[in-house]
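Participant: Using only what follows, build the 3D model:
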Amino acid sequence: MKSWIPISTGLVAGILAATVMFGNFSSGAKTEVTSADNKSNAEKVYVPFGEKDEYYLMASGGHSGQMFVYGVPSMRKIRTIPVFSPDSATGYGYDEHSKEMLGGYTWGDLHHPAISETNGEYDGKYLFATDVANSRAAAVNLETFTTKDIINVPNTSGPHCAAFVTENTEYMFLPTRFAVPIGSEYASLDDYSEKYRGVMSAVTFDQEKEKLSIAYQVALPPWSYDLSDAGKKVSKDWAVMTTYNTEESTTNLEINASQADRDYIVLFNWKELEKKVANGEYDEVTGQKMIFPEKHKGGIYLVPVAKSPHGVDVTPDGKYFIASGKLAPAMTVFSFEKAFKAVEKGDFDGERNGIPVLNYESVMEREVDPENALGPLHTQFDDKGMAYTTMFISSEIVKWNPKTGETLDRVPVQYSPGHSAAAEGDTASPDGKYLVALNKIAKDSYLSVGPSHPESMQLIDLSGSKMKIIQSAPVDPEPHYAQMIKADKIKTITVYPKNEKNNLAVYKQEDTRIERKGNEVHVYGIAMRSKFIFDAKAKRPDAIEVNQGDKVFIHLTNIDMDQDITHGFGINKYDLNMEVQPGQTNTLVFTADKAGTYPLYCTNFCSALHQEMSGYLLVKPK
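Facilitator: Okay, the predicted model is just below:
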């Protein structure tokens, strides 16, 4: 068994404290930039009016619960996609569909987006992400840049890794950051090793129905699971995932979860696990098909790795996976082929919790130690197979050759990069044009806004022999990860097509109506420039009159079939708002519990007579 020379446990707390207090800025973080450099960089990122960016950058919004969309190379923010948190600007979380998806949660912590793939390439159809805060997963339609489904993931707490999808989007595997008892039942922390589990979920997505579902789960040991990646080509049936706290500590993790000189990568064959489920090799637990590795043997193995690893990344050719411990100054390249042979020969170095541990020397290809580079976290790739690793502690990106271990280049960033995103970087054929460093600290970079600073994204040009930072952009907290996809792969719609089968939709003024069913009132209305019509036959077609206590359903269709003519619908003092995009029908449901007169109006500027686009909700008192 290989012994690493890690940063000693006694220094861990001091290093982490220094990271927070001083930013661990590398000595070259502030490099001299000439006016000629500035001019050259400005030309590289300038996108003239009327032209468009070459790439979309989808950046996680962390504890905002949302997804941020940027253009590359301009680094201009284009859109915020509401996902796990309400958004008053679009009425997300207020209309019936999004309110139901959010399930009563008022915030989320969005991590690690992943784009759907076909044959290992981004296909531009869907984007997936997870919510660490409330153990959810979401699917976003990239035709409309809107969230279509959110699923609660049972038996887990904090699916941090998110949706690194398999080669043809068969699965995304969601491990848990926090081990909990199955079903989140109460169990004393004294019984942690016996009663807690780190459950991983195999999640599928039905593109026709736009629905997520859980195919099966795996009851892994009670460790913390971080990031994962799916294999490609020769390794397409496999996936890898990092772990930490294999010490199974329950307190003071910054010290106690760094005692051993190794943790593990979980290496698993999802095709084999799929077969186990098909053959009934699982237990039924909390309504889920649950594989217990110590009982349902095979398909899951452990690979020793330097302690506290974060990212694990599969090379574009699918032959290797690269991991590193945050507190060890080296990256390790592992060979899938060697791992397959070790599995076949039973070349194990014991087992942990019933899972075989592969012999490190048999699986390891090489260890890479860039001089003075500290805190390796995450690796991306270019079109030539070269690797780019973020160094959190020394605040830099290091370029190196996975086949030789040679360090080729390094560039300082401001500061403490967690992840990076390369152009088409997680696919079988990266573009090799740009890399974005997602930095956790941005001291001195932008205008001051008080004690707290925005996070920073820096665009790095990879086209030359040396990496070159050509643009910097602030980002709302917190970009845990991002995906960069060619813009022409995403085919957005301009308007929602008419759906004559939708019995809630109204496309003609004369079909608008208000119907009462007991104490329910259903409004079938339209929005158009520049008025609402709720009942064309009524004396005042832009007014809604109900009784106090009525349950009101407002089904509103935007009949302006012209892109970007979006209408909002807000009711004054009722805390209600929703949005209807061109051709879309949306529903708002509420109880009219406050008697009185309440103006309603279009909340999204739509025309010269936008101010006149209003009406009244009249609630008769009991």
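
Participant: From now on I want contacts and neighbour counts done on CA atoms only, so please keep to that.
Facilitator: OK.

Participant: for the residue minimising distance to the centre of the chain, helix, strand, or coil?
Facilitator: Per C-alpha atoms, centre = their mean, the C-alpha nearest to the average position across the chain is that of residue 113, at 2.7 Å. Counting by DSSP: H, G, I helix; E, B strand; the rest coil, the backbone at residue 113 sits in strand.

Participant: Same check on residue 271?
Facilitator: Assigned with three-state DSSP, residue 271 falls in the helix class.

Participant: I'd guessed the residue nearest to the centre of the chain sits against residue 137; true?
Facilitator: No. With contact defined as C-alpha atoms under 8 Å, residue 113 does not count as touching residue 137 (10.2 Å).

Participant: Bridged to residue 577, which residues?
Facilitator: residue 570 (DSSP bridges).

Participant: do you know how far it is from residue 96?
Facilitator: Between residue 577 and residue 96 the distance is 11 Å, computed by C-alpha to C-alpha, to the nearest Å.

Participant: With residue 280 instead?
Facilitator: 39 Å.

Participant: the more surrounded of these two?
Facilitator: Neighbour count, other C-alpha atoms under 10 Å: between residue 280 and residue 96, residue 96 has more, with 18 against 11.

Participant: which residues touch that one?
Facilitator: For residue 96, the contact set (C-alpha atoms under 8 Å, 6 or more residues apart in numbering) comprises 586, 587, 588, 589.

Participant: SS state for the nearest residue to the last one once chain neighbours are set aside?
Facilitator: The shortest distance from residue 589 to any residue that is not its chain neighbour, by C-alpha to C-alpha, 6 or more residues apart in numbering, is 4.6 Å, and that residue is residue 553. Using three-state DSSP as the criterion, the local structure at residue 553 reads strand.

Participant: Show me what residue 553 bridges to in the sheet.
Facilitator: Bridge pairing for residue 553 - DSSP bridges - gives residue 522, residue 589.

Participant: and it, how many neighbours?
Facilitator: When neighbours are counted by other C-alpha under 10 Å, residue 553 comes out with 19.

Participant: when you give positions from now on, start the count at 59
Facilitator: Got it, first residue is 59 now, which makes that one residue 611.

Participant: pLDDT score for it?
Facilitator: In this prediction, residue 611 carries a pLDDT score of 98.

Participant: go on, the one 4 residues further on?
Facilitator: Model confidence at residue 615, given as pLDDT, is 98.

Participant: Who are the contact partners of it?
Facilitator: Residue 615 neighbours (C-alpha under 8 Å, 6+ apart): 563, 564, 565, 583, 584, 585, 638, 641, 642, 643, 644.

Participant: Please compute how far the strand or helix carrying the fourth one lies from its chain's middle.
Facilitator: Translated: residue 583. Per DSSP states H and E: residue 583 is located in strand 578-586. Strand 578-586 has its C-alpha centroid displaced from the chain centroid by 36 Å (C-alpha atoms, centre = their mean, to the nearest Å).

Participant: Which of the three states applies to residue 98?
Facilitator: Residue 98, by the three-state scheme (three-state DSSP), is helix.

Participant: That one: neighbour count?
Facilitator: Using other C-alpha under 10 Å, residue 98 has 12 other residues around it.

Participant: And residue 521, by the same measure?
Facilitator: Neighbour count for residue 521, taken as other C-alpha under 10 Å: 12.

Participant: repeat for the one 4 residues further on
Facilitator: Here the count is done by other C-alpha under 10 Å, and residue 525 has 20 residues near it.

Participant: In this structure it contacts residue 466, no?
Facilitator: No. Here residue 525 lies out of contact with residue 466, judged by C-alpha under 8 Å, at a distance of 9.9 Å.

Participant: partner residues bridging the residue nearest to residue 229 when sequence neighbours are not counted?
Facilitator: Leaving aside its sequence neighbours, residue 229 sits nearest to residue 262 (C-alpha to C-alpha, 6+ apart; 4.9 Å). Counting by DSSP bridges, residue 262 forms beta bridges with residue 271.

Participant: how much space between residue 262 and residue 461?
Facilitator: Residue 262 is 34 Å from residue 461, by C-alpha to C-alpha.

Participant: more crowded one of these two?
Facilitator: Higher neighbour count among residue 262 and residue 461: residue 262, with 18 against 13, using other C-alpha under 10 Å.

Participant: Contact partners for the more buried one?
Facilitator: Neighbour list for residue 262: 227, 228, 229, 230, 270, 271, 272, 273 [criterion: C-alpha under 8 Å, 6+ apart].

Participant: give me that answer again for 10 Å
Facilitator: Shown in contact with residue 262 (C-alpha atoms under 10 Å, 6 or more residues apart in numbering): 223, 227, 228, 229, 230, 231, 269, 270, 271, 272, 273, 274.

Participant: Just the pLDDT for the last one.
Facilitator: So the one you mean is residue 274. We have a pLDDT of 98 for residue 274.

Participant: just the second one next, same as before
Facilitator: Predicted confidence (pLDDT) at residue 227: the value is 96.

Participant: What helix or strand is it located in?
Facilitator: Using DSSP H and E, residue 227 sits in no helix or strand.

Participant: which residues of the stretch 409-558 of the chain fall in helices?
Facilitator: 418-421 (DSSP state H, counting those that start in this stretch).

Participant: who touches both of residue 525 and residue 466?
Facilitator: Applying C-alpha under 10 Å, 6+ apart, one finds that residue 525 and residue 466 are jointly contacted by 456, 457.

Participant: circling back to that earlier point, what's the overlap in contacts for residue 635 and residue 154?
Facilitator: residue 646.

Participant: Where does pLDDT dip in the stretch 159-308 of the chain?
Facilitator: 220-221 (pLDDT under 70).

Participant: try 90
Facilitator: Low-confidence segments of the stretch 159-308 of the chain (pLDDT under 90): 218-222.

Participant: what ranges do the strands span in it?
Facilitator: Taking DSSP state E, counting those that start in this stretch as the test, the strands found in the stretch 159-308 of the chain are 168-176, 179-189, 194-199, 204-210, 230-232, 256-264, 269-278, 282-288, 296-302.

Participant: Kindly calculate the angle that the longest one makes with strand 256-264.
Facilitator: Between strand 179-189 and strand 256-264, the angle formed by their directions is 130 degrees, by axes from the mean of the first three to the mean of the last three C-alpha atoms, to 10 degrees.
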